[in-house]
Structures are given as C-alpha cells and as structure tokens.
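Engineer: Got a predicted structure here, sequence first:
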Amino acid sequence: MTTQSIQKLEDRLKDMVGKTYLVKAVSHKILSFRIDDDKLLIVSDKKWFPAVEVQHSQKLLEQFLETEPEDEVLPAAPVQSAILSAVPDLKAILLDNIKKVQEDKGYIPQANTIAKQVNTLLNMVNTEINFNKSRGK
C-alpha cells in the first residue's frame, strides 16, 4: 500500500475509535487500533480482532456497521403468549369434559379430540418457553 492509502486508513480508524459498530450482529465499541509491520490490529470493548495484512484491511472494515446510540440493540420485551392467558379457559373446558365423560361414555371420542387439541396448545407453550429461555429471558 502507498503512504497515502495507509494515511487514509489511519484517518478512517481514528474516526472509528470511540464509536459503536455491529460486527456479525454483536455490538462493539472500538477502543483502539494499531498498524505495525503492515498488519492492522483493532481492539474493541468485546475482543481483539485478529491482525490482518494492511492490504486486506478493507475486507475486515466492511464487516463493521456503524450504529448510532439510538440504534443500539435493546433487550426485547418478554413475549406473553395468548395461549398462556387462555389457561383458565382451557382448564374449565377440560374439567367440563371430565364431567361429561363421567356422565356419558358416548362423549369420549369428542373429549379425546379436545384433549389432543389442548395437548397441541401446551406443546406450543412449551416451545415458546424454551425459545424465550434460549434468548435469556
């Protein structure tokens, strides 16, 4: 690289220091950089990026997407399932089905169908709970 292109790279890196960038969906505040022996090293608040040849620095810098403070990723609000809010109704339906089956054995096929549907809803709730756990909620 020419002296002029290295100076341009240094100016760009100086401008990046103190700003926040998204790199592979992770927010990084750039703390410092160093160009030494034709290698570029960038340090953020989260990691030291592996040194790259200065001639390949453009490829590295393309990964850095600048964010404004108001654009920083905020934790998502917890999702409340509509199914969870319907639990009291589902409980009442199941208790009613038990009573109907006890009174009339002919109701068993319909109760089985309802039980399968409730089971499907519960599986959906379980999936949602596991998803929220995996996201740290």
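Structural biologist: Great, that's in hand.

Engineer: Distance from the one helix or strand Leu41 maps to to the middle of the chain?
Structural biologist: For Leu41, the host element (DSSP states H and E) is strand 39-44. Relative to its chain's centre, strand 39-44 lies at 26 Å (C-alpha atoms, centre = their mean, to the nearest Å).

Engineer: Each with direction, which strands does that strand pair with?
Structural biologist: Neighbouring strands of strand 39-44 in its sheet, by DSSP bridges, are strand 26-36 (antiparallel), strand 48-53 (antiparallel).

Engineer: Centre of the chain to the first one, how far?
Structural biologist: Yep, that's strand 26-36 we're talking about. 23 Å.

Engineer: Next: stretch 100-113.
Structural biologist: 45 Å.

Engineer: now do stretch 106-123
Structural biologist: 35 Å.

Engineer: Output stretch 116-123 as PDB, restricted to C-alpha atoms.
Structural biologist: Presented in PDB, the C-alpha positions along stretch 116-123 are these (Å, rounded to 0.1, in the frame of the first residue of the first chain):
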ATOM      1  CA  LYS A 116     -55.400 -33.700  21.500                       C
ATOM      2  CA  GLN A 117     -56.000 -30.000  20.700                       C
ATOM      3  CA  VAL A 118     -55.200 -28.900  24.200                       C
ATOM      4  CA  ASN A 119     -52.000 -31.100  24.100                       C
ATOM      5  CA  THR A 120     -51.100 -29.300  20.800                       C
ATOM      6  CA  LEU A 121     -51.600 -25.900  22.500                       C
ATOM      7  CA  LEU A 122     -49.500 -27.000  25.500                       C
ATOM      8  CA  ASN A 123     -46.700 -28.100  23.200                       C
END
